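1. turn this into a structure:
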Amino acid sequence: MTLATQHQLNHFLQATPSAWQLVEISDGMSGLQLQLKTRNFAASMAIANQCAELAEQLNHHPRLTVEWGKLTVDIWSHEEGGVTGLCLQLAEAIDQQIDR
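-> Just a heads-up that it's a prediction; the model follows:
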């Protein structure tokens, strides 16, 4: 898989209903990030589990940071060094299928 183009990234960020952001993950590598506010730790964990199921289906695994009242989802490709089409596909699936 190759890195997403700037046009693809811009289109995704404008078209998705959630507040995904393009952020620096580490050492200049870009990734997609979504921060969700939840009502408690259990709610954060439940959404993280839904994200994990989608990740398994696509065989593309995000970093999930579960906290009380907050879940952070970071998606990028280690192999490609940034955001790929598969990253965008996973982010779209998360937007469409998780219960908030």
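2. mind checking which helix or strand of this structure has the lowest mean pLDDT?
-> For the chain, the helix or strand with the lowest mean confidence is strand 21-26, at a mean of 93 (criterion: mean pLDDT, DSSP states H and E).
3. show residues contacting the longest helix along the chain.
-> Ranked by residue count under DSSP state H, the longest helix found in the chain is helix 41-58. Applying C-beta atoms under 8 Å, 6 or more residues apart in numbering, the external contacts of helix 41-58 come out as 36, 38, 61-62, 64, 66-71, 73, 86, 89-90, 93-94, 97-100. Any C-beta I mention is one placed from the backbone N, CA and C, and that applies to glycine too.
4. and residue 29, what are its bridge partners?
-> Taking DSSP bridges as the rule, residue 29 bridges to residue 26.
5. any idea how far residue 44 is from it?
-> Taking C-beta to C-beta, to the nearest Å as the measure, residue 29 and residue 44 are separated by 25 Å.
6. which one's more surrounded, the two?
-> residue 44 (22 against 15; other C-beta atoms under 10 Å).
7. so what pLDDT did the more buried one get?
-> Residue 44 is assigned 97 on the pLDDT scale.
8. which element, helix or strand, includes the closest residue to residue 25 other than its chain neighbours?
-> In this structure, residue 25 finds its nearest non-sequential neighbour in residue 31, 3.9 Å apart by C-beta to C-beta, 6 or more residues apart in numbering. Counting by DSSP states H and E, the secondary-structure element that holds residue 31 is strand 29-37.
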